[in-house]
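Visitor: The sequence and its predicted three-dimensional model are supplied below.
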Amino acid sequence: MSTAEAPAEAVPDRGAPAVQLTGITKRFPGVVANSDVNLTVAAGEVHAICGENGAGKSTLMKILYGMQPPDEGTIAINGEEVKLRNPQDAIRAGIGMVHQHFMLADNLTVGENVFLGAEGLHGIGRAARARLAELAERTGLHAKPETLLEELGVADRQRVEIVKVLYRGAKIIILDEPTAVLVPQEVDALFDTVREMKAGGYTFLFISHKLDEVRAIADTVTVIRRGTTVGTADPKTITSRQLAEMMVGSELPSPETRESTVTDRAVLRLSGLTLGAEGSDRNALDDVSFTVHAGEVLGIAGVEGNGQTELVETIMGMRKPSGGTIELVDADGEARDITKAGTLARREAGIGYIAEDRTRHSLLLTQPLWVNRILGYQTREPVSKGQLLDIAGARADTERIVRDYDVRTPGIDVPAAALSGGNQQKLIVGRELSGNPVLLVASHPTRGVDVGAQALIWEQIRQARAAGLAVLLISADLDELIGLSDTIRVMLRGRLVSEADPATVTPQELGSAMTGAGEGDEE
Amino acid sequence: MTSWRTKLLPPLLAIVFAVLLSAIALIISGADPLQAYGTMIGQMFKGSTAVDTVNLATVYYLSGLAVAIGFQMNLFNIGVEGQYRFAAVVAAIAGGAMKLPPVIHVIAILLVAVVAGMAYAAVPAILKVTRGVSEVISTIMLNAIVAGIIAFLINADQFGVQRGNNIGTRVIEPSGRIPGIPLGSGTLFGFVVIAALIGAAYWFMLNRTRFGFELKASGESTTAAAAGGVSAKKMTLIAMLLSGGVAGLVAMPELLGRDYSYGITATQMYGFTGIAVALLGRNHPGGIALGALLWAFLDTSAVSLEQINVSKEIATIMQGIIVLSVVVAYEIVRRADLAAEQRRVGRALAGRKGSSVAEGGAV
Amino acid sequence: MITDVAPGSGSTMPVQQRRRGRIPGWLRGVIWAVVAIAVISTASYSTGVAALTSSNTAQTALRLALPILLCALGGLWAERAGVVNIGLEGMMILGTWGAAWGSYNGGVWAGLISAIVFGALGGLLHAVATVTFNVNHIVSGVAINLLGLGVTKYLANLIFAPISGNPRQSPVVPKFDTYSATFLSDWLGDLEKEQRVGISDVAGVLRGLVTEVAPLTMIAIILVPVSFWILWRTRFGLRLRSCGENPVAAESLGVNVYLHKYVAVVISGAFAGMGGASLVLLRGGADYLENQTNGRGYIGLAAMIFGNWRPGGLLGGAALFGYADGLQLAGGGEAVLALLYGAVILVAVIVVVQLFRRQWIAAGLGVVGAGVLYAIYWANDTLPSDLIPYTAHFVTLIVLAVASQRLRPPKADGQPYRRGED
């Protein structure tokens, strides 16, 4: 942790800073999301805020946008101290925010989405449309104002969000992980827009955890770790390695898998798996074939939204493929075609499942922990005896998971919602590794969990792999993929496009494969 | 989460609130609330009121259970009203036509009622599962239509028999009746026992069986249940049919214990009462029983208000206020409890190790 | 190190442009009206049942459609702001009592205003429960229906019973005067009598719509375009609708979601109250009578769903219900059976359209449906009189079963919203 603590020359003096946060602290029941955050953003620069998932970036931006009041600390905009009680105050102070999850209404038109809440500026009639056209031109938005929003693609929706912010006269624009949903060409287009607007005097706060993007666009970068700012640096001079160290701190947990345990016994075999997409001619999954062996971790890399979610849900039987087969070889070596089997049958056949969105897909939030232990295992020992539940068994086994997986909880009768994300995830991992699975489908297993839980989850996956478990790992965290996987396949637009050896590949190489950069892609 | 405070406080608050608000209404209309409430309570000990209350509560209890089964799956079976009336008329017609030995005759009638209730519930269930039609609106339509079906079936051209001014189904033979239990000056429905058994079965199903777990899981989160191997569509269908089946029994205590014939003037609205009772009882079989008793008490004792020139509709107003305020009270207590629980977990963790700011992650 | 296994992969960008019909809304309305009139006049001509297009039927239909229309408008306002209002029925009941009481004491206009106020109070209660306390919208609605019934019974007992001698009924109350476009009406009457195919039918329907019309009727019909204009053409309407589509986004843009939901639900209640007034204050209808709403609030909600949460659509839905109801009152089972014949024609038209669009399955299902309907028509002389009053309900069920997947409710309709939670 030998990082530069905000060298003064990293922030060129251009009058009063556009944004100055001093000593910001924000607590939620049971957690401190931000503590003593200090941040200075000069006018007319692109200032990146970096940090891991869960480091507190989003909370900080919500505070700056007036969506949540800070418990302590002050905010100054253009040198003047302000109180931001709600987004309107922020808008009045010239701050605009492009949310990671778009704040748009599908059933309203582009125009309506832009004018909403800002009708006072130009009404909702002709004058408003003229202003909209002007801004749309600047951001490259070609949709007509009367178009329903739902007819737009992701990149255009993002443009609508940016236009919305500009329409309100914002000069300081927060972009919250704007590239997570974009394909490379769209990222380039976005960056071009940002550069142009920067030249026009706008200030940007760019939230990201993708180091290469930060280096490509930002003038200054501030790193947040565990809810607090750890340093500010110039992205042109700092190395990725240094930046990464700032982000994860001294306890940089290494997901290195030591010796190979891969066997030649196939466990999961996909051949030609194809899944049609709703409302599109393009397949969500296109001719996907691979085999996962016992003792092997197969990693799937890819920019989010390229079919990973669909792949996992098709393997789990929650979506019906339009073509291809899925075969599972059970512990006795018997191959079974499970293409037509239901989700429960697949789980009974020995598939454990860590879903990417744990609150929606893995937990019953208002139910106690021991009830959550039953979910997905309602037909199996030790929590069930056929048609009847074995409540004593479920409770005992939940106690075991809490103990073995270090789930920090006062007891097994608290509702799952009361646990922190990391502890929820440990419980889920414990559950999905019980009952001797032959295959674990792990989708972003450490997303949004704290470093301690992350290390524990990695260790558990590694142990299970050593014991002969086959693992299909989907992750957006390239270090996790490279560190845990025995083989990496890259997914792009529903297809497996390339293969990488984790022993030799670098995150940069993987990143360019994920974006299809090396392909000379046509449009 | 499962503290007694959470369970009992909201309904008590709601009742107190309803009593106070109704008292204001009574004062405005020039009546003495204390006298009115005193009369209502005093009525309990007169004649057969107490037994009547339990009898009526039996009906409400069944209806409440039927609604509660739907609620477990997040289904609004507003159609209990239509399902029980449809089942009642079909069972009454079948029961009147059958010649069977005792006990078997009763069982046959009950089976017909359950199947008829299920059949009527199958319409919204299938529409919901295959066509995505909201069960709320389709059951409302079916509730209205059932009046026409009953009128049609009871018509003298079909299965009806004219008796004086009333027209009804053929009277069920004594072999198809459930004997009552004489108690004081009234007769308790024998069906009380069956209703209690159904309540126990409901509890067992919900808390001890795999099916009950799947039902609850699916009701709480269809996505999590699907990932756990529970098909929401299948659960919707089964829950709706089960709910309809229990709804089919709602009119049976009266049909087999008192009326023996289903007439055009038979009481309505039991299905809607069931919704109120299920809400009041929080879908818990014990709670529903208490709710049903309270409701029945308000209904039966309200009649006595006429003696002191107070409109008995004040009881209906009280019922409406109770439903509305009980759901509000549950919501407030639930929110307070969740926050308290999170704080408790937070404290427990803080005690174990230095508080990690990253724990819990971003919001 | 990285080996391409599928070079040249990646097709074009996802094309999500879903083509929607480019026919403007008003034109679609006109087309539907023309098709509807063409179908029923054909049916009237083929079956010889004149009641299908008589001015008497049209007039009755209009009167019966009004409460449904007003409730549907009430539903529109609430649901566009994201609040499901199943309590319309209870608010309407409150409206009937308010109308009778106001009209008895201060004349028809006082009756109308009092009905609006009573309905709005019901709406306010619903808003308090659903918006402030986040109670499930349907639970709250059911409770309000219970409460509305209880309160009106109590009030009727307290206030009407001493005057009318019957706790279930109000004394006779003043009703709205009616106005006819005399010249037009007479001319159309002559045309109708000439019994010319098509023209006489249209004349009959139109005559029913311009003869003996009460101010309340006109107000109700004008409220449809007014609602459209407010909801889709004003700033307030945009904000209101945004609360029903994405309240979190709306709040982040400075829309006071709670306030807009409150206003919407109170207006919704006011409309339902007016619907109640239209049962009491129109000639041909009863005075206040217990249970006189008879589920019309629910039907209004169904009409709104039928109309796809749009003012023009719900007008069509209300017209359909009113017509089905008016027809069975004016023409009886025979007329409803003739309507069945009309349905066969309509389905046949749809089948042809589907064939054009190469939707073979839909067309096939249509043929089967038409066959079944025709068989019923052919096999019966009349329909059971007990079931006829429920024509509208059956139609709703069928329409929902056929069309519910193409409906587009507001995105956040019925969902709880709490400021600061997302």
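Guide: Yep, that arrived.
Visitor: C-alpha only now, for contacts and for neighbours.
Guide: Will do.
Visitor: Is there a neighbour count for C:Glu194? I'd like the number.
Guide: 12 (other CA atoms under 10 Å in any protein chain shown).
Visitor: quick one, phi/psi of the nearest residue to it once chain neighbours are set aside?
Guide: The shortest distance from C:Glu194 to any non-neighbouring residue, by CA to CA, 6 or more residues apart in numbering or on different chains, is to C:Ser200 (6.6 Å). Phi and psi for C:Ser200, reported as degrees, to the nearest 10, are phi -60, psi -40.
Visitor: Look up how far chain B lies from C:Ser200.
Guide: 34 Å (CA to the nearest CA, to the nearest Å).
Visitor: With A:Val292 instead?
Guide: Taking CA to the nearest CA, one finds A:Val292 at 21 Å from chain B.
Visitor: tell me the phi and psi of that residue?
Guide: According to degrees, to the nearest 10, A:Val292 has phi -110, psi 130.
Visitor: ok, the closest residue to chain A within the stretch 201-350 of chain C - contacts?
Guide: Taking CA to the nearest CA, chain A has its nearest neighbour within the stretch 201-350 of chain C at C:Ala249, 4.6 Å off. The contact partners of C:Ala249, by CA atoms under 8 Å, 6 or more residues apart in numbering or on different chains, come to A:Met103, A:Leu104, A:Ala105.
Visitor: Just send these back as TSV, with pLDDT and neighbour count too.
Guide: Listed next are the contacts of C:Ala249 as TSV, based on pLDDT from 0 to 100; neighbours: other CA atoms under 10 Å in any protein chain shown:
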residue	pLDDT	neighbour count
A:Met103	85	21
A:Leu104	87	27
A:Ala105	87	26
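Visitor: helix or strand for the residue nearest the centre of chain B, which one?
Guide: Nearest to the mean C-alpha position of chain B, by CA atoms, centre = their mean, lies B:Gly64 at 1.5 Å. Taking DSSP states H and E as the criterion, B:Gly64 maps to helix B:49-72.
Visitor: Would you mind confirming that A:Asp501 is in contact with A:Leu484?
Guide: No. The criterion here is CA atoms under 8 Å, and A:Asp501 misses it with A:Leu484 at 11.6 Å.
Visitor: So for these two, which sits in the more crowded spot?
Guide: A:Leu484 (27 against 17).
Visitor: Could you double-check that the more buried one sits in contact with A:Ile300?
Guide: No. Look at A:Leu484 against A:Ile300 with CA under 8 Å: they stay out of range, at 11.3 Å.
Visitor: Is residue 76 part of a helix or strand, or is it coil?
Guide: Picked chain A for this. strand (DSSP: H, G, I helix; E, B strand; the rest coil).
Visitor: my bad, chain B
Guide: coil.
Visitor: If you count neighbours, what's buried in the helix or strand the residue of the stretch 201-350 of chain C closest to chain A falls within?
Guide: Assigned by DSSP H and E, C:Ala249 belongs to helix C:247-252. Across helix C:247-252, burial judged by 16 or more other CA atoms under 10 Å in any protein chain shown covers C:Pro247, C:Val248, C:Ala249, C:Ala250, C:Glu251, C:Ser252.
Visitor: what about the closest residue to the first one other than its chain neighbours, how many neighbours?
Guide: Leaving aside its sequence neighbours, C:Pro247 sits nearest to C:Val257 (CA to CA, 6+ apart; 6.5 Å). For C:Val257, the tally of surrounding residues (other CA under 10 Å) stands at 27.
Visitor: what's the following helix or strand after the helix holding C:Ala249?
Guide: Counting by DSSP H and E, the element after helix C:247-252 in chain order, helix or strand, is helix C:257-280.
Visitor: Which secondary structure elements does that next one sit against?
Guide: helix C:55-80, helix C:88-127, helix C:235-245, helix C:247-252 (3 or more CA pairs under 8 Å, 6 or more residues apart in numbering or on different chains; DSSP states H and E).
Visitor: hmm, try it at 10 Å
Guide: helix C:55-80, helix C:88-127, helix C:215-233, helix C:235-245, helix C:247-252, helix C:296-306 (3 or more CA pairs under 10 Å, 6 or more residues apart in numbering or on different chains; DSSP states H and E).
Visitor: Generate TSV for the ones you listed, with distance to C:Arg196 and mean pLDDT as supplementary columns.
Guide: As requested, the helices and strands packed on helix C:257-280 are exported to TSV (distance: least, CA to CA, whole Å; pLDDT from 0 to 100):
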stretch	distance to C:Arg196	mean pLDDT
helix C:55-80	15	90
helix C:88-127	40	95
helix C:215-233	29	92
helix C:235-245	46	92
helix C:247-252	55	86
helix C:296-306	33	88
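Visitor: before we move on, back to that, verify the contact between the residue nearest to C:Pro247 and C:Leu238 for me.
Guide: No. Between C:Val257 and C:Leu238 there is no contact under CA atoms under 10 Å: 11.8 Å.
Visitor: Find residues that contact each of those two.
Guide: C:Ala81 (CA atoms under 10 Å, 6 or more residues apart in numbering or on different chains).
Visitor: Residues of the stretch 51-200 of chain C that sit close to chain A?
Guide: The stretch 51-200 of chain C comes close to chain A at no residue, as judged by CA under 10 Å from any CA of the partner chain.
Visitor: contacting residues for B:Gln83?
Guide: Residues near B:Gln83 by CA under 10 Å, 6+ apart: B:77, B:113-114, B:116-122, B:139, B:142-143, B:146, B:243-250, B:271.
Visitor: can you check B:Ala315 too?
Guide: By CA under 10 Å, 6+ apart, B:Ala315 lies in contact with B:18-19, B:22, B:40, B:295, B:297-303, B:305, B:321, C:150-151, C:154.
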